[in-house]
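**Student:** Just the structure for this:
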Amino acid sequence: MSITTSSPVRRMHQAIPGLLAGLVVVLASGCSSSPPAPTLPSYAGTWHGQTLHQAPIGFTVSADDEVTSITIGHDFNGCIGSETFSNLHVATDWITCIPGPCPASIGRQRTFIFSVGPTEGPRTMISGVLSSSTSASGQVSFQNFPGCGTINGIPWAASRQ
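**Tutor:** Residues are numbered from 1 along each chain as shown. Down below sits the predicted model:
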């Protein structure tokens, strides 16, 4: 003779494995959530400023952080003028510190380098650091300009408009 019971204790023992599995899934999903990613600054827009020699500089940064145009003035060794470079696709890259990590004072900064012209000249080289969403600085060099010669490392500063 066999007696089958359906006691509350027996039903609870049968339900515990399912409850535990459900609790593990809930806890695991709660633990795996990570904090939201930090908002990165936007550098897109039109930037204007001037060089140490009071010559104008302007450039445009696209929404995908490419420098798309640059206008730079020059005034050295008796040569005064301006150059405009359009339809550019100059990438801006995050500054990387080696060895890392970067100090907090550097924060999230992007950099770019643009060079045009042959080594024998005339050649224009512009480097810049987008140090915040509103401030940029760098250097420009004009090399082997006919009748003017070369001037290297002229500092410039600009702000986003």
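**Student:** Check which helices and strands the helix or strand hosting Phe59 is in contact with.
**Tutor:** When elements are defined using DSSP states H and E, Phe59 is found to belong to strand 56-61. Other elements packing on strand 56-61 under the criterion 3 or more CB pairs under 8 Å, 6 or more residues apart in numbering; DSSP states H and E are strand 45-51, strand 66-76, strand 149-160. (Glycine included, C-beta is placed from N, CA and C.)
**Student:** Give the buried residues for the longest one.
**Tutor:** To tie it back to what came earlier, the one meant is strand 149-160. Buried residues in strand 149-160, counting neighbours by 16 or more other CB atoms under 10 Å, are found at Ile151, Ile154, Trp156, Ala157, Ala158, Arg160.
**Student:** what sits up against the helix or strand containing Ser127?
**Tutor:** In this assignment (DSSP H and E), Ser127 forms part of strand 123-130. Judged by CB atoms under 8 Å, 6 or more residues apart in numbering, the contacts made with strand 123-130 from elsewhere in the structure are 43, 59, 61, 70, 72, 83, 92, 95, 109-117, 136-144, 156, 158.
**Student:** Take the residues you listed and, keeping just the buried ones, write it as a ChimeraX select command.
**Tutor:** Applying 16+ other CB under 10 Å to the contacts of strand 123-130, the buried members can be selected in ChimeraX as follows:
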select :43,59,61,70,72,83,92,109,110,111,112,114,136,138,139,140,142,143,156,158
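**Student:** How many residues are close by Thr119?
**Tutor:** Using other CB atoms under 10 Å, Thr119 has 8 other residues around it.
**Student:** Show the pLDDT at it.
**Tutor:** Thr119 is assigned 87 on the pLDDT scale.
**Student:** any weak-confidence spans in this structure?
**Tutor:** Counting by pLDDT under 70, the chain has low-confidence residues at 1-38.
**Student:** try it again with 90
**Tutor:** For the chain, the stretches flagged by pLDDT under 90 are 1-42, 79, 94-108, 119, 121.
**Student:** circling back to that earlier point, show me the contact partners of whatever helix or strand comes next after the strand holding Ser127.
**Tutor:** Towards the C-terminus, the helix or strand next in line after strand 123-130, according to DSSP H and E, is strand 135-145. The set of residues external to strand 135-145 that reach it, using CB under 8 Å, 6+ apart, is 47, 49, 51, 57, 72, 74, 76, 79, 117, 120-131, 148, 150-160.
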